[in-house]
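> Sharing a sequence plus its predicted fold:
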Amino acid sequence: MSDSKATRLERETTDSGAEIAVLTLANPPLNLFDQAMLDALIADLAELTARPPRALLIRAEGKLVSGGVDVHVFDGLSVEQGAELWRRLFAQIIHPLEALPCPVIFAAHGLTLTAAFEMAVACDIILAAPKAKFGLVETVVGLTPSMGGPQRLAERAGSGRAREFVMTGDLYDAATMADWGVVNAVHDDVDTAARQLAHRLAQGPTKAHAATKAIIEAWRSGGVAHADSVTPEVSGALFATADLKGAVRSFLEVGPGKATYTGR
């Protein structure tokens with residue numbers, strides 16, 4: 001891996017042998033989403049899609065998570081080029097991130113702006129440090145957030161709060177984001193808490209976690225009725241997994257909470 005790469009993708013294993021991937025934004029001091037960062041994330045997500053871990057943690061180095069998008073990315077784009085930029089970022093970053101068949105945790109230790117926040121709300125769980133702040137500030141260049149931030153924020157916090165968040169371009173602290181239901185929890189040592197959660201989830205029934213994501217995705221796209229319609233097939237497939245078979249047998253023989261999982 002080149003030292004100049006804007007991200008760092010590492011894999012580690014838990015004590016029980018479950019693989020965790022840690023994707024770090026590693027271009028301080030600002031971790032700007034410039035072309036190098038976008039290209040690195042696209043490559044990393046392609047690798048993660050080809051070989052999914054059992055949990056993914058996304059974090060950042062430096063004082064900030066990210067100062068946002070490098071405005072040079074937008075300079076001089078035509079209407080067609082602008083639309084193509086967003087199509088590519090959905091297709092190569094946001095949608096692959098959401099489609100990973102494992103729990104995805106985002107850890108925000110500091111200021112998290114624009115594209116980084118849009119990535120965060122595409123993850124399953126967001127943890128934040130008390131001093132973290134969040135913003136979609138695209139109005140400063142006459143733009144609206146276009147990597148899925150407004151709609152995913154509306155899903156978590158409600159449409160009225162999403163409109164306020166985007167239209168004001170204000171910064172919101174971790175406590176407010178937790179109160180709104182955007183941030184799942186606030187931790188003094190967010191990196192340690194996020195790593196511990198990643199380890200815990202990676203050691204769980206990975207295919208069941210993927211099924212949970214599939215059912216919730218069905219709800220997101222078509223409501224309760226659509227989620228109900230896909231649940232029998234999605235959940236029924238779990239009866240073929242070694243993890244379900246072993247956990248049921250463990251429950252019957254020694255009681256709950258004793259099963260171990262292999263992700264198969």
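All right, it came through fine. Residues are numbered from 1 along each chain as shown.

> residue ranges of the strands in the stretch 101-250 of the chain, please?
Using DSSP state E, counting those that start in this stretch, the strands of the stretch 101-250 of the chain run over residues 104-108, 112-113, 125-128, 133-135, 172-173, 185-186.

> Which of these sits closest to residue 210?
Of all the strands of the stretch 101-250 of the chain, strand 104-108 sits nearest to residue 210, with 11.2 Å by C-beta to C-beta. All C-beta spots, glycine's among them, are computed from the backbone N, C-alpha and C.

> Which strands border the closest one, and is each parallel or antiparallel?
With DSSP bridges as the criterion, the sheet partners recorded for strand 104-108 are strand 55-60 (parallel), strand 125-128 (parallel).

> mind listing what residue 7 touches?
Residue 7 makes contacts with 23-27, 37, 40-41, 44, as judged by C-beta atoms under 8 Å, 6 or more residues apart in numbering.

> give me that answer again for 10 Å
Applying C-beta atoms under 10 Å, 6 or more residues apart in numbering, we find residue 7 in contact with 1, 23-27, 31, 36-37, 39-45, 58, 60-61.

> which residues does it form a beta bridge with?
Under the criterion used (DSSP bridges), residue 7 bridges to residue 25.

> any idea how far residue 37 is from it?
7 Å (C-beta to C-beta, to the nearest Å).

> Which neighbours do those two have in common?
With C-beta under 10 Å, 6+ apart as the test, residue 7 and residue 37 both reach 25-27, 31.

> from those residues, which is closest to residue 125?
Comparing these against residue 125 with C-beta to C-beta places residue 25 closest, at 17.5 Å.

> what's the angle from the longest helix along the chain to strand 104-108?
If you go by DSSP state H, the chain has its longest helix at helix 206-236. Note on geometry: by axes from the mean of the first three to the mean of the last three C-alpha atoms, to 10 degrees, helix 206-236 and strand 104-108 are set 130 degrees apart in direction.

> For helix 206-236, name the packing helices and strands.
Contact analysis of helix 206-236 by 3 or more C-beta pairs under 10 Å, 6 or more residues apart in numbering; DSSP states H and E lists helix 95-99, helix 149-157, helix 242-254 as its packing neighbours.

> my guess is residue 152 contacts residue 124, does it?
No: with contact defined as C-beta atoms under 10 Å, residue 152 does not reach residue 124; the gap is 11.7 Å.
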